[in-house]
Structures are given as C-alpha cells and as structure tokens.
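**Q** have a look at this prediction, sequence included:
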Amino acid sequence: MAEPILVDARGHRCPVPTLRLRRALEAAEPGSQVRLISDDPLARIDVPHFSASAGATVISITDEPGGAISFLVSKAP
C-alpha cells in the first residue's frame, strides 16, 4: 500500500484542519489514506464527525509529541 498523504495542519484552528482533510480526501484515489496532523484539541471531535459524514473511516488517532494529534483516515474504495 502507498504511503498516506500527509496533511500538516499544526498551528491552525478548526475548521481549517478539517477543511484541509476534506480537500486531501477529494483529491485522493479511492482506498487511499490521509494522515492529518493537528494541534487543535477540537480536531479530536471534528475529524471523526467529518470523516463519518464524508464516508471515510478513521483508522487511528494518536497523540504526538508536542501536543499534536495524528489522524489516519481512509477514503472509501
């Protein structure tokens, strides 16, 4: 499987991380994965909600050093 598309949204507040994730998913091939990195605590709520509404799947949510959160999201095949 190909490496996930990386979207680094650190330093931005919602809704910017979710909007960047949406753009990346729209451009991605079906079945692709996108890794979103955000340091906005609200992204922990917004990203899973958006992903479900967009038909994408959150595979993992990981706390990163420095307070960032990493979301691995898969686009529906």
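**A** Great, that's in hand.

**Q** OK, contacts around Arg13?
**A** Arg13 makes contacts with 40, 42, as judged by Cβ atoms under 8 Å, 6 or more residues apart in numbering. Backbone N, C-alpha and C define where each C-beta goes, glycine included.

**Q** name the SS class of it, please.
**A** Assigned state for Arg13: coil (three-state reduction, DSSP: H, G, I helix; E, B strand; the rest coil).

**Q** just give the nearest non-adjacent residue to Gly55, would you?
**A** Leaving aside its chain neighbours, Gly55 sits nearest to Ala76 (4.7 Å; criterion: Cβ to Cβ, 6 or more residues apart in numbering).

**Q** and that neighbour, how many neighbours does it have?
**A** When neighbours are defined as other Cβ atoms under 10 Å, Ala76 has 11 of them.

**Q** just the pLDDT at it, thanks.
**A** Looking at Ala76, its pLDDT stands at 93.

**Q** same check on Ile59?
**A** Here the pLDDT value assigned to Ile59 is 98.

**Q** contacts for the strand or helix carrying it next, please.
**A** Assigned by DSSP states H and E, Ile59 falls within strand 57-63. Under the contact criterion Cβ under 8 Å, 6+ apart, strand 57-63 has outside partners 33, 44, 47-48, 51, 69-74, 76.

**Q** hmm, Ala52 and the residue nearest to Gly55 touching each other?
**A** No: using Cβ atoms under 8 Å, Ala76 makes no contact with Ala52, being 11.3 Å away.

**Q** spell out for me which residue occupies the centre of the protein.
**A** Geometric centre of the chain, nearest residue: Leu36, 3.6 Å, by Cα atoms, centre = their mean.
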